[in-house]
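1. Give me a 3D structure for the following:
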Amino acid sequence: MKLSCLQENLSKGLGIVGRAVASRATLPITQNVLLSTDQSMLKLSATNLEIAMTTWVGAMIEEEGAITVPARLLSEFVNSLPSERIDLELEPGTGLLQVTCGRSQAHIHGADASEFPPIPTVDEGVAAQIDPVSLKSAITRVAFAAATEESRPVLTGVEMKLEGKTFSLAAADGFRLAVQTGTLVEPVESEIKVIVPARTLIELNRLLGDQEEPVEIMMTPAKGQVLFRVRGGQTVETVSQLLQGSFPNYEQLIPQSYTTRAVFDLPTLLRAARTSAIFARDGSNIIRLQMVPGEDGDSAGKLIISALSEEVGDNQDEVDAEEFEGEGGKIAFNSRYLLDVLSVLERGKLTLETTTSSSPGVFKPTDSDDYIHVVMPMFVQW
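-> Residues are numbered from 1 along each chain as shown. Presented below is the predicted three-dimensional model:
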């Protein structure tokens, strides 16, 4: 193998696939990156056996070939080089990769490419395309709600459903549920549901910076794999194992009615919640919300938000409601779950619907019906 490419392109490519390099490996070679020549380009691949990432770097190829070398070592060395041309040469029969840039030179011991785990290919199945802005928003609003502990593996994933012209992402960890729907670029012929690891979608989200071209998705449930292809300045393919099992029927977890409904300015509510979270830290992370209807038609009502710690103290804040329906009510949430949902919605207006202090609270942005977030309450003495 003998080729040359630009330092900034190689550095960027290694940074992308580096996300899939195994951090702790029972199989040491998964801490390597596979360099190979493909379609007159340098192909970089990495896998931790759950997720595999591949990207291509423009290069001048003199001799075809392939080698696998330690990913972290190569990446750190390349990042330390000046922004000039890099020459890569594999000395035949030695397993040594020579890396030259200007007056800098290194020899890196590699392993034969045949020892590297095969990078899965997904070339058949149900294909779909999603606008990158729509997908990025959906992942941001949903993936954080997936479980992080492995006691119920299926909950560490996000259910992705394609049906007709729509897609939906749903995640739940037993305490909260997030569901976002969106529109596909083109309709799919048949309905399909798969569970994608939340970690995969979080990595995919990093790649969706300012992409404009649709993200291509290929699902093969029979093989238990899904492929995401992000095109743009640099094509990146991410192949992930799907999670096996059945996702909870979350539709029945969403309350269909409410006794109190109020609309708030989101930044104002978020600021008040962050303030209460300071006191909630020492009080079992409990934030109390009391929804109070307006009196004599003067105001639309308000929300009293408070936290109490026996040792540290307490705080109380008030946020005016812009709309209010119902008789008022009380509910308490875990501060992290409350802050998480307010933070991903960021701006605009927010609707909060409650029934009783022991029933889930429902959060929705007022500007669309595409997102719903359900949070289980905490039981407190009022």
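2. Just list the residues touching the spatially most central residue of the chain, thanks.
-> Centre of the chain computed as the mean C-alpha position; nearest residue by CA atoms, centre = their mean is residue 202, 2.4 Å away. Each residue near residue 202 by CB atoms under 8 Å, 6 or more residues apart in numbering is listed here: 139, 143. Quick note: C-beta positions are derived from backbone N, CA and C, even for glycine.
3. Now do the helices in the stretch 251-382 of the chain.
-> Counting by DSSP state H, counting those that start in this stretch, the stretch 251-382 of the chain has helices at residues 266-280, 335-345.
4. domains of the chain?
-> Domains of the chain are assigned by automatic domain parsing as 2-115, 126-251, 254-375.
5. State the distance from the residue nearest to the centre of the chain to residue 168.
-> When distance is defined by CB to CB, to the nearest Å, residue 202 is 18 Å away from residue 168.
6. And the domains of the chain: which comes nearest residue 382?
-> Nearest of the domains of the chain to residue 382, taken as CB to CB: domain 254-375 at 5.7 Å.
7. thinking in terms of the whole chain, how far from its middle is the closest one?
-> Computed by CA atoms, centre = their mean, to the nearest Å, the chain-centroid distance of domain 254-375 equals 25 Å.
8. so how far is the first residue of it from its last?
-> 10 Å (CA to CA, to the nearest Å).
9. what does the average pLDDT come to for it?
-> Taken as a whole, domain 254-375 has a mean pLDDT of 93.
10. Could you do stretch 197-210 as well?
-> Regarding stretch 197-210, the rounded mean pLDDT is 92.
11. tell me which residues in it are buried?
-> Buried residues in stretch 197-210, counted by 16 or more other CB atoms under 10 Å: 197, 198, 199, 200, 201, 202, 203, 204, 205, 207, 208.
12. likewise stretch 158-174?
-> Neighbour-count burial for stretch 158-174 flags 158, 159, 160, 161, 162, 167, 168, 169, 170, 171, 172, 173 (criterion: 16+ other CB under 10 Å).
13. Return, as residue ranges, the portions of the stretch 51-200 of the chain with sub-threshold pLDDT.
-> Of all residues in the stretch 51-200 of the chain, none has pLDDT under 70.
14. Beyond whatever helix or strand residue 179 lives in, next helix or strand please.
-> Assigning secondary structure by DSSP states H and E places residue 179 in strand 176-183. On the C-terminal side of strand 176-183, the nearest following helix or strand under DSSP H and E is strand 192-197.
15. so residue 286 makes contact with residue 338?
-> No. Using CB atoms under 8 Å, residue 286 is not in contact with residue 338; the gap is 10.0 Å.
16. More neighbours: which of those two?
-> Remark: of residue 286 and residue 338, residue 338 carries more neighbours, 27 against 21, as counted by other CB atoms under 10 Å.
17. and residue 104, how far is that from residue 87?
-> Counting by CB to CB - residue 104 and residue 87 are separated by 11 Å.
18. quick check, residue 147 in a strand?
-> No. Counting by DSSP: H, G, I helix; E, B strand; the rest coil, residue 147 is not part of a strand but coil.
19. Could you count how many residues lie near it?
-> Neighbours around residue 147, by other CB under 10 Å: 18.
20. Spit out the contact partners of it.
-> Applying CB under 8 Å, 6+ apart, the residues contacting residue 147 are 155, 156, 172, 173, 174.
21. okay, among the residues you listed, which ones form the most distant pair?
-> Going by CB to CB, the pair spanning those furthest: 156 and 174, at 11.5 Å.
22. In the stretch 101-250 of the chain, mark out all the helices, start to finish.
-> According to DSSP H, counting those that start in this stretch, the helices that the stretch 101-250 of the chain contains are 132-142, 198-207.
23. Reformat those helices as CSV; add distance to residue 240.
-> What follows is those, written out as CSV (distance: least, CB to CB, whole Å):
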stretch, distance to residue 240
helix 132-142, 13
helix 198-207, 4
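24. between those, which gets nearest to residue 265?
-> helix 132-142 (19.0 Å).
25. Buried residues, that closest one. List them.
-> 132, 134, 135, 136, 137, 138, 139, 140, 141, 142.
26. returning to what we had before: the helices of the stretch 251-382 of the chain: which one's closest to residue 299?
-> For residue 299, the closest of those is helix 266-280, at 14.6 Å, according to CB to CB.
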